[in-house]
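Novice: sequence plus the predicted model coming up.
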Amino acid sequence: MSAPAKLPRWADWGLLPAINLLAALILSAAIIRLVGESPWAALKLMAAGAFGTQDAIGYTLYYATNFVFTGLAVAVAYHAGIFNIGAEGQAYIGGLGIGLVCLACGSWAGWAVVPLAILAGAVFGAGWAFIPAWLQARRGSHIVITTIMFNFIAAALMTYLLVNVLIKPGQQSPETREFAPSSFLPPLDRLLHRIGITVAPSPLNASFLLALAACALVWVLIWRTRWGYALRVVGQNPDAAVYAGISPARVTVGVMLLSGALASGLGLNVLMGEQHRILLDFPEGAGFVGIAVALMGRNHPVGIFLAAVLFGALYQGGSQLSFDLPHVTRDLVVVIQGLVILFCGALENIFRRPLAALLARRS
């Protein structure tokens, strides 16, 4: 297999993702035209649904918060040469830890419950990532396979717990009782109101600020610490890492623990920030979207944040699209989102070689 064509940094980080996104939108426009709707009208509706009002922006950033956490979970492992497909399951089990703390410590003050829930979510998410990491480091089991398997195991475990153990007595829906108000994360509109800024209410909450802090922490950790340097060396050349005295097995376990802890941030956003209970399938595929977010964002925290906002806009704007255009069903919106994931994830290098040749001729 030939190596990917080299591109200038500005083209690799900016132009190529833009071309991939444009290709996905062109194909989506063709599909919308085939069902009898105007692609231009659909694009305007999607943009207005995602950014047209204050509450629409709040919903977009709410979805983006989930994708920031899962994108960072994928990116950190990727720098160590590990393709972590298990962010969905890690977020699921991390949310379980968060929910258990909120259910057990609901009578406590918020200043005690919130940090404890964050810690519990990180421990549960990291613990779920530890087993595939250990199997990879000590037994040679392929981490892609084991993390995929652990996604299914997490889903089955949560189904059992919510149906048989944690379900609220006297109800049919597989969900827990509501958390105590002391464990709610404050909405961002309420925090902004305290400093004199008035915005429309939305599910956007304080976990968005935690996501921004996680981006800064990951940047410092990977590019400004010795451990981050060792992590990148293992990812680029494991043999050189061993020669330099770096243990790839230890790095593998450590980076997967960090990935699992980052993925658990999704539970903070959904469970403590909006739903205030543990629900069945609350990650809703955000762990898998995080793979495309990380790839499109070139595994850099800034790029991941921008890509997460894009996918948040697709989720929020897509829901508006399905309401206002009769022939654009919710399933078709999922197809459009899937095309963006396809071109920005699995097919991200399809235009790399032609673009490199074009730039070489122009220079």
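Specialist: Arrived safely, thanks for sending.
Novice: could you report the pLDDT at Phe67?
Specialist: Note for Phe67: predicted pLDDT of 97.
Novice: if I look at it, how far off is His79?
Specialist: As judged by CB to CB, to the nearest Å, Phe67 and His79 stand 18 Å apart. All C-beta atoms are positioned from the backbone trio N, CA, C, and that covers glycine.
Novice: of those two, which one has the most company?
Specialist: Applying other CB atoms under 10 Å to Phe67 and His79 shows that Phe67 carries more neighbours, namely 28 against 20.
Novice: thought the more buried one was touching Ala308?
Specialist: Yes - contact criterion CB atoms under 8 Å: Phe67 and Ala308 qualify, at 3.7 Å.
Novice: list residues touching both of the two?
Specialist: By the contact definition CB atoms under 8 Å, 6 or more residues apart in numbering, Phe67 and Ala308 are jointly contacted by Val293.
Novice: what segments of the stretch 251-363 of the chain are helices?
Specialist: In the stretch 251-363 of the chain, the helices defined using DSSP state H, counting those that start in this stretch lie at 265-267, 286-296, 301-324, 330-341, 352-362.
Novice: which non-adjacent residue is nearest Asp35?
Specialist: That one is not Asp; residue 35 is Val. In space, Val35 comes closest to His327 once its chain neighbours are excluded; the distance is 4.5 Å by CB to CB, 6 or more residues apart in numbering.
Novice: contact partners for Ala214?
Specialist: 68-69, 72, 262, 265.
Novice: nearest to Ala180, of those residues?
Specialist: Proximity to Ala180 was ranked across these by CB to CB; first place goes to Gly265, at 21.2 Å.
Novice: report the contact partners of the residue nearest to that closest one when sequence neighbours are not counted.
Specialist: Nearest residue to Gly265 in three dimensions, chain neighbours excluded: Phe69, at 3.5 Å (CB to CB, 6+ apart). Going by CB under 8 Å, 6+ apart, Phe69 touches 91, 211, 214, 262-266, 269, 290.
Novice: deepest in the core, which of the helices of the stretch 251-363 of the chain is it.
Specialist: helix 265-267 (a mean of 32; mean count of other CB atoms under 10 Å).
Novice: using the record's domain definitions, break the chain down for me.
Specialist: Following automatic domain parsing, one finds the domains of the chain at 9-31+40-49+288-363, 75-207+236-284.
Novice: circling back to that earlier point, how much space between the residue nearest to Val35 and Pro8?
Specialist: Taking CB to CB, one finds His327 at 42 Å from Pro8.
Novice: ok, now Ile291?
Specialist: Relative to Pro8, Ile291 is positioned 25 Å away (CB to CB).
Novice: for Leu119, same thing?
Specialist: Leu119 sits 43 Å away from Pro8, going by CB to CB.
Novice: more neighbours: the two, which one.
Specialist: Neighbours per residue, other CB under 10 Å: of Leu119 and Pro8, the larger number sits with Leu119, 15 against 12.
Novice: surely that one forms part of a helix?
Specialist: Yes - assigned with DSSP: H, G, I helix; E, B strand; the rest coil, Leu119 falls within a helix.
Novice: quick one: it from Pro186, how far?
Specialist: Going from Leu119 to Pro186 by CB to CB gives 19 Å.
Novice: what of Gln172?
Specialist: Relative to Pro186, Gln172 is positioned 31 Å away (CB to CB).
Novice: again, but for Ala64
Specialist: Plainly put, Ala64 is 18 Å away from Pro186 if you go by CB to CB.
Novice: those two: who's more crowded?
Specialist: When neighbours are counted by other CB under 10 Å, Ala64 and Pro186 differ, and Ala64 comes out ahead with 27 against 15.
Novice: quick one, what contacts the nearest residue to that one once chain neighbours are set aside?
Specialist: Leaving out its chain neighbours, the residue that sits closest to Ala64 by CB to CB, 6+ apart is Gly312, at 3.3 Å. Neighbouring residues of Gly312 by CB under 8 Å, 6+ apart: 50, 59-65, 67.
Novice: likewise Ala308?
Specialist: If a contact means CB under 8 Å, 6+ apart, then Ala308 has 64-65, 67-68, 71, 293, 297 as its contacts.
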